[in-house]
Every structure is written in structure tokens, then in C-alpha cells.
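Enquirer: let's see this in three dimensions:
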Amino acid sequence: MKRSRLPLTALRSFEVAGRHTSFSRAAEELHVSQAAISRQIRELETTLSTPLFERLHRKVVLTETGKALLTQLTASFDGIERMLADIAARCQTKTARVSSDASLASCWLIPRLDRFRRANPDIDVVLDVDPRLIEFRAEQAELALRFSFHNTSWANSEAERLAYAYETPVVAPVLLANGAPIEKPGDLRRFTLLHEESREHWKNWFRLAGEEEADVRAPGPMYADMALSKQAALLGHGVALVDLLYMQDELAAGTLIRPFATELNSGGYFLVARNLSKLSEPARIFADWIRAEFAASVAALSSTKGERSVLGAASGHIPSTRLSEPLN
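Expert: Next up is the predicted model:
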């Protein structure tokens with residue numbers, strides 16, 4: 001087919017529908033009606049004299065020809081997007097677009113972000129808070145910071161581990177002021193246990209601390225993420241399991257107290273991008289800064305007297321069995 005006769009609108013509709021295997025989601029992404037998507041794909045199939053989708057009850061499935069065409073189109077459209085974004089970026093303010101989940105953003109990144117601004121006043125950081133792993137398309141963030149319980153790599157992207165995650169109990173001093181002293185891990189059950197997504201967190205920590213028969217089924221607030229459970233602990237609402245990286249400032253200031261050194265291995269933190277070696281200049285500078293900041297946080301924790309290193313998987317820790325979705 002001659003280039004002048006390429007059905008570009010239909011090809012774009014097919015690529016989006018094929019990527020989502022859904023005509024309705026393609027319509028949402030392209031801001032057109034589902035009927036328009038269906039009509040354009042039918043016309044493309046007529047032009048090519050072959051079906052690209054199998055229409056099943058309530059869903060569509062790509063044919064082998066459709067799969068081959070989708071692979072080519074996605075690579076081509078992605079290349080066009082990147083080229084246009086690169087051209088536009090040369091004429092715009094330097095911007096590093098970064099995606100992060102809410103807890104990592106509020107507990108770790110934002111308290112440090114002003115340091116990046118002072119060191120790089122010519123780069124604007126656009127922070128998108130979203131728990132989902134993005135596809136790194138032209139209109140989305142170029143970098144993502146993510147916590148994951150289990151995954152270490154994801155499709156169509158590169159991931160670099162920045163640090164391991166270790167959770168430990170923390171409590172506000174006000175809760176300890178008028179009660180009996182905490183001498184053993186089981187004493188924590190005298191307080192309200194603050195939960196993040198699942199009661200399995202505390203069950204696993206008590207088991208690691210030697211309390212095999214710990215009963216953590218007693219009612220206690222359940223929070224959607226660690227930032228909320230940390231805030232509740234700061235307010236004296238109970239005892240929370242919080243990642244060491246998330247509470248360095250509070251431990252130093254004495255607004256949170258760590259009664260035991262036992263640490264539960266609960267995953268890791270990752271820097272994720274489509275291609276970490278081909279970042280724009282602002283994104284590369286931000287990525288290097290993030291690596292340095294995580295290294296500094298890890299070093300500070302590792303040098304703290306009586307605490308285990310968080311540089312690698314420490315023996316004696318058990319993995320978390322949180323009932324939570326992985327990165328994607």
C-alpha cells in the first residue's frame with residue numbers, strides 16, 4: 001500500500017484497541033465513541049481483506065495477523081511519540097516528570113525534594129501521585145518511584161532496586177507515659193495495633209519477634225497505606241509498623257519511639273523507566289539525585305547503632321506476606 005493511502009486514523013484506533021483488547025477502552029483513550037472505533041476497525045479489516053479481531057461474547061481477541069500488526073504499530077507510534085516529545089522538550093522549560101505512589105511521595109520524597117530544587121533551580125519537577133505503574137508514554141511521567149512486595153522487574157520497562165524495605169513497630173511517647181514499661185514484643189498487644197491493608201503484617205512481625213501464637217485479630221484501624229498508619233501513630237492512636245526509611249526524621253526528633261530492633265523484610269523500592277539509559281537530561285539528573293538520596297538514607301540507617309543493615313537481604317528476616325497487589 002502506498003504511503004499516501006495509509007489509513008492512519010484507522011491504524012491508530014486499531015493500535016489502541018489492540019493494546020487494551022477493548023473497543024470501549026480505546027474509545028475512552030481517543031475520546032471518541034465506541035461505534036466510531038468499531039467502524040474504523042471494520043473498514044481497516046475490509047481494506048486488508050482479513051480479520052484483525054475475533055469478536056467473542058463481551059470481549060475481542062486479536063487474531064495472529066492482528067498481533068503482528070499491533071507489534072509493528074505500537075513500536076512505530078511509540079517512536080513517533082518519543083521523537084515529537086524530544087523536539088518539543090528542546091523548546092520548553094526543563095522538566096522532570098516523576099510518578100510515585102502516595103506513601104513514598106509523602107513520607108520520603110517530598111521532605112527531600114527542596115534539596116533537588118536548590119541544587120537544580122533550572123529543572124521543574126512535576127510529581128504525579130498514582131499507585132499504578134504507568135506505560136511511560138509521551139504525555140506521562142518519564143520516571144517512576146515504586147515500592148513492591150514481590151516484583152523486581154516489569155514488562156516493557158527497566159527497574160533498578162534502590163533499597164530493601166524493613167518494617168518495625170513505632171509508638172508515640174504519649175502512649176508510653178502512663179502505662180507499664182514495654183519489656184517484650186507481646187507487650188505491644190496492650191495497645192491498639194494500627195494495620196495497613198492486612199492484619200498479616202503484625203502477625204508476621206510477632207512471629208519474627210518470637211511470639212509464635214500472637215493473636216492480632218482484635219479490632220484495630222485499617223489504613224490504605226503506610227503514610228496514614230504513620231500519621232495515626234504520631235497522633236498517639238496506637239502502634240504502627242512503619243518502614244525504617246519513612247521515619248528517620250521522627251526517630252531523630254523523638255516524636256516516634258522504636259521499642260524493638262526486630263525488622264520485617266517487606267519488599268523493596270525501585271526506580272522504573274522505559275529505558276534507564278536513554279532518559280532526557282532533566283530525568284537523568286533527577287534519577288542520579290534519587291540514587292544518591294536513597295544511598296544516603298540507607299547509609300544513615302546502616303550506621304545507626306544496634307540496627308541491621310538495609311543494604312541487602314538480612315538473614316533471620318522473613319518475607320512479608322501482605323495481601324496486596326504488586327506494582328502492576
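
Enquirer: mind naming the longest helix for the protein?
Expert: What stands out as the longest helix in the chain, according to DSSP state H, is helix 64-89.

Enquirer: centre of the chain to it, how far?
Expert: Centroid separation for helix 64-89 versus its chain: 25 Å, with CA atoms, centre = their mean, to the nearest Å.

Enquirer: which residues sit against the helix or strand following that helix?
Expert: Going down the chain from helix 64-89, the next helix or strand is strand 95-100, by DSSP states H and E. Strand 95-100 is contacted by residues 89, 109, 123-130, 134, 140-146, 280, 282-283, 285-286 when judged by CB atoms under 8 Å, 6 or more residues apart in numbering. Any C-beta I mention is one placed from the backbone N, CA and C, and that applies to glycine too.

Enquirer: next SSE downstream of strand 95-100?
Expert: helix 102-104.

Enquirer: buried stuff in that next one?
Expert: 103-104 (16 or more other CB atoms under 10 Å).

Enquirer: which other helices and strands does that helix contact?
Expert: If you count contacts as 3 or more CB pairs under 8 Å, 6 or more residues apart in numbering; DSSP states H and E, helix 102-104 packs onto strand 143-148, helix 226-234.

Enquirer: for residue 185, which of those is the nearest?
Expert: Residue 185 sits nearest to helix 226-234 of all those, at 16.6 Å, using CB to CB.

Enquirer: elements contacting that closest one?
Expert: Checked by 3+ CB pairs under 8 Å, 6+ apart, helix 226-234 has helix 102-104, strand 193-196, strand 239-243 packed alongside it.

Enquirer: what lies in contact with that helix?
Expert: So helix 226-234 is in contact with 102-103, 106-107, 170-172, 194-196, 221, 223, 238-243, 246-247, 250, 255-256, going by CB under 8 Å, 6+ apart.

Enquirer: for ChimeraX, write a command that selects the buried ones of these.
Expert: The ChimeraX command for the buried members of these (criterion: 16+ other CB under 10 Å) is given here:
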select :103,106,107,170,171,172,194,195,196,223,238,239,240,241,242,243,246,247,250,256
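
Enquirer: may I have stretch 158-175 as CSV, with CA atoms only?
Expert: The C-alpha trace of stretch 158-175 is given here as CSV (Å, rounded to 0.1, in the frame of the first residue of the first chain):
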residue,chain,number,x,y,z
GLU,A,158,13.6,-1.3,33.2
ALA,A,159,13.7,-1.4,37.0
GLU,A,160,16.6,-0.6,39.4
ARG,A,161,16.4,-1.6,43.0
LEU,A,162,17.2,1.4,45.2
ALA,A,163,16.8,-0.2,48.7
TYR,A,164,15.2,-3.0,50.6
ALA,A,165,12.3,-2.3,52.8
TYR,A,166,12.2,-3.2,56.5
GLU,A,167,9.2,-2.5,58.9
THR,A,168,9.5,-2.2,62.6
PRO,A,169,7.0,-1.0,65.3
VAL,A,170,6.8,2.6,66.3
VAL,A,171,4.8,4.4,69.0
ALA,A,172,4.4,7.9,70.2
PRO,A,173,5.9,8.8,73.6
VAL,A,174,2.5,9.9,74.9
LEU,A,175,1.3,6.3,74.8
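
Enquirer: tell me how far it lies from the chain's centre.
Expert: 15 Å.

Enquirer: now swap in stretch 247-258 and tell me
Expert: 25 Å.

Enquirer: same thing with stretch 173-193?
Expert: Using CA atoms, centre = their mean, the offset of stretch 173-193 from its chain centre is 33 Å.

Enquirer: do stretch 129-136 as well
Expert: 7 Å.

Enquirer: ends of it, what's the gap?
Expert: Stretch 129-136 has its terminal residues 14 Å apart, counting by CA to CA, to the nearest Å.
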